[in-house]
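S.K.: This is a predicted model, with the sequence first.
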Amino acid sequence: GEICAFKIHGQEMPFEAVVLNKTSGEGRLQAKSPIDCELQKEYTFVIQAYDCGSGPGGTNWKKSHKAVVHIQVKDVNEFSPTFKESVYKATVTEGKIYDSILQVEAIDEDCSPQYSQICNYEIVTSDVPFAIDRNGNIRNTEKLNYDKQHQYEIMVTAFDCGQKHAIEDVLVRVNVKPVCKPGWQDWNKRIEYKPGSGSIPLFPSIRLETCDGPVSSIHTTIELQTNYIGKGCDRETYSEKSLQKLCGASSGAIDLLPSPSATTNWTAGLLMDNNDMIFKFDGKQGAKIPDGIVPKNLTDHFTITLWMKHGPSPGLRAEKETILCNSDKTEMNRHHYALYVHNCRLVFLLRKDFDQADTFRPAEFHWKLDQICDKEWHYYVVNVEFPVVTLYMDGTTYEPYLVTNDWPIHPSHIAMQLTVGACWQGGEVTKPRFAQYFHGSLASLTIRPGKIESQKVISCLQACKEGLDINSLESLGQGIKYHFNPSQSVLVMEGDDIENINQALRKVSYINSRQFPTAGVRRLKVSSKVQCFGEDVCISIPDIDAYVMVFQANEPKITISGMDHFARPAAQFESERGVILLPDIRIVSTVTKKEHPVDLKEHDRANKPVVLEEMLHNLDFCDILVIGADLDPEQECLELDHVELQGKHLDATNSTAGYSIYGVDSMHNYEEVLRQIRYRNWYTSATFDRKFRVKCSELNGRYISNEFNLEVNVLHSSNSNFMDHVNHMIAQPQLLQSVHHPEGSTSTVHNSVVPSVATIIIIICVSILIFIITLGVYRIRTAHQHSSTDNEGSKENEMDWDDSALTITVNPMEKYEKPHQTEEESEEDDIEDEEEDTTSAESDESEEEEEEEEEEVIVQKGDKQNGTRQEQL
């Protein structure tokens, strides 16, 4: 009647049933070991109750019916959430708002839904434009900007439903990429160019980004903008005459707008840009060309060349703007020939004289060109082969669109006036004055009588020294078409393949062949057009705006050196060949460069060692100017055999003011020519000396040499042999001086030996000779007295020499007064003291004295003055 046990049936269960009251049958179900919900959330088993009627074998127990027990394990929030990834990454495009950039996910190992579920996510990092929802989706709250920030790093945590947060927050990295913008990538806005660098690539790493657009072909234009440099680009700034000689033009060009100087002073009052020889006319200026500069009769063949920059004419009805005009000086107002601009048309007027033709002849030639008024520099050449007149502009030929005829001008004896920048109105007004002023800029205006220039020479004269270039044309790749404009300032490239275009553009370079280029900025513009397959909307490529910075070249210092003073007998000056003025002239150019040693300390770097480095470059003129009164053509001149100029780009002009050699050529060639210039004077009786000054230039005066002064003396004497000896003695120190001072500081040599009158020289020389002889006799007698005194006090036990055949040369000036100081030392001290007080002339005299003294010797033989010899031995 009692309950003795409870039994649990099934697999091993961590539970047991214990009887508490046998009579009432009450029992307890309890766990045998700790229960873990994470291992098993539920248990189900069968339990039976047993009575106490068991026999000895325990087989007679009665058991109850089976009861099913179901146990659920209640969870405890013992685990924290953990994220599945250690780092989350995402990439977004700038300028967009995303609903979800990425999703983070955390887990919790608790078994119950209450504690195992993640109920919330939270961004820990403050002040970031992102938000996260309960499911872990991260979105941006504002549009992201790549330029503002490339990448964001944010920390995120998670909470389970028991509000237990994750032990470790997770890192979320969001990369911002720019919006794909079609265009050129990987290029620099500034490109640096050092003079002498040759050809340097402009865009060595450039590439085209098309954003996967369906591109079928690309058309690219590279433009080098140099219209604000010099006359449209970097050209040689030599004078027009020198350039024409360099380009192979025949000589004879007359420069109507030269640099102002003593001989070319008509341009002195004009506005001028010195560096580039540009003259600016503001409508108020004109220049009169002096008579004799241009021949009166230009014949039917001549050429006018000029650089011109001109804009639209002011006012409703534009006046004529004169470039060049030859009109009556007084009484009348007839224009014989003229070149002018009128309503953006270039007009050339040529009126024949009545004695040359008496029929209706072509007189006015009109050209209508847009370039005349585009405010850009252009090179114009007017070739006259009457009755045909041809215009070359920037090397291209243009025929006149209109030619009008006129009657010849009736002959008169009225003088004509040639003008530049305006036309001289000599008649029809109360007072002759300028009229029809030019507005604009002119340069290199020349007129060449009787000569016609070739197309090759014209192309050379207007050629640019800077431009675009392509390195290794053969490696451009197939399918690339390219084209340069004549001045190589514009390059057009076209191709189908993007990579080929990239490679071709990387080979485009800038080159400046000038040794001393114009420093400053050269703007670059690259524009591209893209064609696409089908009818898709094609992408547009933004232009590239870059610039080349050309650095200033090291400025050269040109130094002229040589013998700066000599004298020659009058007969040599009067000879047929005369006297060579500059037999040993030397022209050297140096540049100053600073070294950058690696081993210098920081505080020593301020005093960097300066190195003078010799460099070779051209010169464009050397002038030998007469100092003082001009040469008298009746009795003196400077001469040069013109055969010396053959094979060189040199020409020469001669005048009473001096001799000028001009043309672009090497310093060596200039030296060779200068060494052949001779001075002749066939009436030397009234001339005692002549002074000259030599000065050389590079780039039309941009770099000027030192002023080398030369003095030439005429010796009026029949004793030419003696004068040659004196002249040799004079010239020798200067030759040594020029060797030791290659910088040309020969001005420190002062030579006052050469007088102006030959008679004075002879008197002085004879006086010096008498003085030397007298002094020599006096010193010899003094030496005899001292020798006899020394002989008495000599020692008796000196070595005895067999000197019967011995000859001893004795200096009579020696004395033996002090035992510890020889007379030779004291003599040298006296000479040094004298030299400190003497001038250069007196030092020459002392040299002659010493020569005379050395010749006066005493020869003693046999036993005479034996004691003296023993003392000396």
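M.R.: Everything's here; your move.
S.K.: Return the residues in contact with Tyr379.
M.R.: Lys231, Thr305, Leu306, Trp307, Tyr392, Met393, Asp394, Gly395, Ile458, Leu461, Gln462 (C-beta atoms under 8 Å, 6 or more residues apart in numbering). Backbone N, C-alpha and C define where each C-beta goes, glycine included.
S.K.: what's the closest of those to Ile587?
M.R.: Closest approach between the contacts of Tyr379 and Ile587, by C-beta to C-beta: Leu461, at 26.9 Å.
S.K.: The residue nearest to the closest one when sequence neighbours are not counted and Asn554, how far apart?
M.R.: Spatially, and ignoring its direct neighbours in sequence, Leu461 is nearest to Cys247 (5.4 Å; C-beta to C-beta, 6 or more residues apart in numbering). Going from Cys247 to Asn554 by C-beta to C-beta, to the nearest Å gives 27 Å.
S.K.: and the two? which has more neighbours close in?
M.R.: Neighbour count, other C-beta atoms under 10 Å: between Cys247 and Asn554, Cys247 has more, with 19 against 16.
S.K.: Hmm, the more buried one is touching Val457, no?
M.R.: Yes. Under the criterion of C-beta atoms under 8 Å, Cys247 makes contact with Val457 at 5.1 Å.
S.K.: so where do the helices sit in the stretch 401-550 of the chain?
M.R.: Here the stretch 401-550 of the chain has its helices, by DSSP state H, counting those that start in this stretch, at 455-461, 498-506.
S.K.: Could you do the stretch 101-250 of the chain as well?
M.R.: Using DSSP H, counting those that start in this stretch, the helices found in the stretch 101-250 of the chain span residues 113-116, 240-246.
S.K.: for Glu364, what are its contacts?
M.R.: Val347, Phe348, Leu349, Leu402, Val403, Thr404, Asp406.
S.K.: Show me the beta-bridge partners of it.
M.R.: Beta-bridge pairing for Glu364 (DSSP bridges): Leu349, Thr404.
S.K.: pLDDT score assigned to it?
M.R.: What the model reports for Glu364 is a pLDDT of 89.
S.K.: circling back to that earlier point, which one of the contacts of Glu364 sits in the busiest neighbourhood?
M.R.: Phe348 (22 neighbours).
S.K.: pretty sure that one is touching Leu339, no?
M.R.: Yes. Phe348 lies in contact with Leu339 (C-beta under 8 Å); the separation is 5.3 Å.
S.K.: now the strands for the stretch 1-150 of the chain?
M.R.: Assigned by DSSP state E, counting those that start in this stretch, the strands in the stretch 1-150 of the chain fall at 3-9, 15-21, 26-31, 42-51, 67-72, 82-83, 87-93, 102-103, 106-107, 118-123, 130-132, 137-140.
S.K.: any shared contact partners between Phe348 and Leu339?
M.R.: Shared contacts of Phe348 and Leu339, defined by C-beta under 8 Å, 6+ apart, are found at Ile304, Val382.
S.K.: distance of the residue nearest to Leu461 from Gln455?
M.R.: As judged by C-beta to C-beta, Cys247 and Gln455 stand 12 Å apart.
S.K.: same check, this time on Ile107
M.R.: Ile107 sits 88 Å away from Gln455, going by C-beta to C-beta.
S.K.: Between those two, point out the one with more neighbours.
M.R.: Ile107 (16 against 12).
S.K.: do you know how far the more buried one is from Tyr88?
M.R.: The separation that Ile107 has from Tyr88, given C-beta to C-beta, amounts to 15 Å.
S.K.: I'd like the distance from the lengthiest strand in the chain to the chain centre, please.
M.R.: Using DSSP state E to define each element, the chain has its longest strand at strand 520-532. Averaged C-alpha coordinates place strand 520-532 at 24 Å from its chain's average position (C-alpha atoms, centre = their mean, to the nearest Å).
S.K.: One more: stretch 433-449?
M.R.: 33 Å.
S.K.: for stretch 660-675, same thing?
M.R.: In terms of C-alpha atoms, centre = their mean, the gap separating the centre of stretch 660-675 from the centre of its chain is 26 Å.
S.K.: can you list the residues that contact that stretch?
M.R.: 236, 238-239, 241-243, 245-246, 580, 582-589, 616-624, 640, 644-645, 648-654, 694, 696.
S.K.: Perfect, I'm done here.
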